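**Student:** got a predicted structure here, sequence first:
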Amino acid sequence: MSCIEPSANTSMQPRSPQKTPVERRNGKHVKMNDIPPEGVYLPNNNFMAPHMKSPEYVQLSNAAAITLGIMGGRMYGCECTRCLNLLLTYPEGCRANCAYCGLARHREADRDYADRNFIRVDWPAVPMAEIIDIVAKDPEASPFHRMCISMITHPRSEEDTFTVLKQWTDRIDPDAIPVSILSNPTTMKRADVRKCRDLGADIFTVALDAATPEVFDRTRGKGVQSPHKWSKYWEILLDAKDIFGPQKFGAHIIVGMGETEREVLELVQELVDLGGHSHMFCFFPEQGSLMDHLPATPRDQWRRVQLARYLIDYRNVRIDHMRFDDAGRVVDYGVPGPELQAIIDEGIAFRTSGCPGKFQDDISACDRPYGDSPPSDIASYPFQPKKKDLKKIRRQLDIPVRVE
Ligand code: SF4
């Protein structure tokens, strides 16, 4: 079992971004060719990516495209996904340069935006009208429990999010399929958050991603020539708390980018104290990203954080009930042994975390199959872990569970 100690600052250092040749900057290559899109665009299928942009086009996750019937294929262990994850799309792509992200700006040097991998999978581009036509036929019977619009850093991001959201809520009752917004605060104002709510969004999340200001700056701020600021992300997160209210806002956090377990759990506690939730991802070295040379989060570290986060988010355990060692690792979850055993055996703590669907509050609609690990070494389970999975999880938890 790997026991690499998470040390702050240096051990998870991204590569420096290289300069993009002028002829590849800002999607110039795609815009100059100006090939009109025809229907669904499957990444890497064409010689050149067509000129597609939101709000007419959006990208959607592989799992969502399979569930929607737009693409063939199967996913290991999952029949379908319960969340229709949409991503805004433009030839010039995201203008930020986050070190762990497959969509980052530096990738324009060698890959058109519509062809880039993101959280380990391809994202086909589809006309928004086609998606709505399929789902609007019978929203109540849809496999989707939720729809989510992911913004990127782009000058049109807010306006196009509003348009996509309005197109959806005009035809699909948000009570039948609620909508989440995964925001990109850098270009947003408080009024934009309010407009998302007024147009029918149910939950508003902020892709904070980094657990501390230092990790944030190193992986998605000045450290990689990216425009994001920790303070701006918090400003919009607090706007979301005011506007959307308790249990209707949250933050995405990636575990294993150099923070300690204690640091990430302090953030989880802070979000719960504010009335929100954390949605967690295990760091995985995305191919082509500025961190693709670094190790994925050791499974023992990830499992402890997953379990502790679940206890704080859903079982009223507080971080001050827990104990940590000198390296900030969890050594006591603050729960009596038999209770902890039962929670581990339920397995929900180890499933993908995210906005809820229609099953129960602590089961996420958004299961992001294999978005943070390969199926051979699952980090977030996109399905209910079975007996053999729980056995593996128990081994990975590494610290013997205290039995009273
Ligand atoms: S802002 Fe989001 S999409 Fe853009 S590079 Fe950063 S993580 Fe990726």
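**Tutor:** Good, I have the coordinates.

**Student:** can you pull the pLDDT of the nearest residue to Gln396 once chain neighbours are set aside?
**Tutor:** Leaving aside its sequence neighbours, Gln396 sits nearest to Arg299 (Cβ to Cβ, 6 or more residues apart in numbering; 4.3 Å). Every C-beta, even on glycine, is put in place using the N, C-alpha and C of the backbone. In the prediction, the pLDDT value recorded for Arg299 is 96.

**Student:** test my guess that Arg299 contacts Ser380.
**Tutor:** No - the pair Arg299 / Ser380 is not scored as a contact, 11.6 Å apart, by Cβ atoms under 8 Å.

**Student:** what about the stretch 251-400 of the chain, any weak spots by pLDDT?
**Tutor:** 399-400 (pLDDT under 70).

**Student:** swap in 90 and give it another go.
**Tutor:** Counting by pLDDT under 90, the ranges of the stretch 251-400 of the chain that qualify are 358, 365-371, 398-400.

**Student:** what ranges do the helices span in it?
**Tutor:** 261-274, 299-314, 337-346, 387-396 (DSSP state H, counting those that start in this stretch).

**Student:** and the angle from the third one to helix 387-396?
**Tutor:** For helix 337-346 and helix 387-396, the angle between their directions (axes from the mean of the first three to the mean of the last three Cα atoms, to 10 degrees) works out to 130 degrees.

**Student:** hey, C-alpha coordinates of helix 337-346 in PDB?
**Tutor:** Taking Å, rounded to 0.1, in the frame of the first residue of the first chain, the C-alpha atoms of helix 337-346 are listed here in PDB:
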ATOM      1  CA  GLY A 337     -16.200   1.600  16.100                       C
ATOM      2  CA  PRO A 338     -19.400  -0.300  15.400                       C
ATOM      3  CA  GLU A 339     -21.000   2.800  13.900                       C
ATOM      4  CA  LEU A 340     -18.000   3.400  11.700                       C
ATOM      5  CA  GLN A 341     -18.000  -0.300  10.600                       C
ATOM      6  CA  ALA A 342     -21.700   0.000   9.600                       C
ATOM      7  CA  ILE A 343     -21.100   3.200   7.600                       C
ATOM      8  CA  ILE A 344     -18.200   1.700   5.700                       C
ATOM      9  CA  ASP A 345     -20.300  -1.400   4.900                       C
ATOM     10  CA  GLU A 346     -23.100   0.800   3.600                       C
END
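
**Student:** how far off centre is that helix?
**Tutor:** Helix 337-346 has its C-alpha centroid displaced from the chain centroid by 27 Å (Cα atoms, centre = their mean, to the nearest Å).

**Student:** repeat for the first one
**Tutor:** Averaging C-alpha coordinates over helix 261-274 and over its chain gives two centres that are 18 Å apart (Cα atoms, centre = their mean).

**Student:** what are the buried residues along it?
**Tutor:** For helix 261-274, a neighbour-count test (16 or more other Cβ atoms under 10 Å) marks 261-269, 271-272, 274 as buried.

**Student:** which elements pack onto that helix?
**Tutor:** Identification of packing neighbours for helix 261-274 by 3 or more Cβ pairs under 8 Å, 6 or more residues apart in numbering; DSSP states H and E yields strand 249-255, strand 277-282, helix 299-314, strand 330-332.

**Student:** pull the residues that contact the first one.
**Tutor:** Looking back up the chat, that one is strand 249-255. 100, 182, 203-211, 237, 240-241, 264, 267-268, 271, 275-283, 297, 301-302, 305-306, 355 (Cβ atoms under 8 Å, 6 or more residues apart in numbering).

**Student:** now the buried members of these.
**Tutor:** Going by neighbour count (16+ other Cβ under 10 Å), those have 100, 182, 203-211, 237, 240-241, 264, 267-268, 271, 276-283, 297, 301-302, 305-306, 355 buried.

**Student:** thinking again about what came up before, quick one, which of the helices and strands packed on helix 261-274 is nearest to the ligand?
**Tutor:** The ligand lies closest to strand 249-255 among the helices and strands packed on helix 261-274, at 9.2 Å (Cβ to the nearest ligand atom).

**Student:** now do the contacts for Asp122.
**Tutor:** Shown in contact with Asp122 (Cβ under 8 Å, 6+ apart): 42-44, 62.

**Student:** tell me the residues of the protein that contact the ligand?
**Tutor:** Counting by Cβ under 6 Å from any ligand atom, the residues of the chain close to the ligand are 94, 96, 98, 101, 103-104, 152-153, 184, 207, 220.

**Student:** next step: the residues you listed restricted to strands.
**Tutor:** The strands, defined by DSSP state E, take in Ala207 from the residues of the chain next to the ligand.

**Student:** in stretch 358-377, what's buried?
**Tutor:** Quick answer for stretch 358-377 (16+ other Cβ under 10 Å): 362-373.

**Student:** again with stretch 287-305
**Tutor:** By 16+ other Cβ under 10 Å, the buried positions in stretch 287-305 come out as 288-291, 294, 296-305.

**Student:** beta partners of the residue nearest the centre of the chain?
**Tutor:** In the chain, the residue lying closest to the centroid (Cα atoms, centre = their mean) is His252, at 6.1 Å. Per DSSP bridges, the residues bridged to His252 are His279.

**Student:** is it true that Pro295 touches Cys282?
**Tutor:** No - proximity of Pro295 to Cys282 does not meet the contact threshold set by Cβ under 8 Å, at 11.5 Å.
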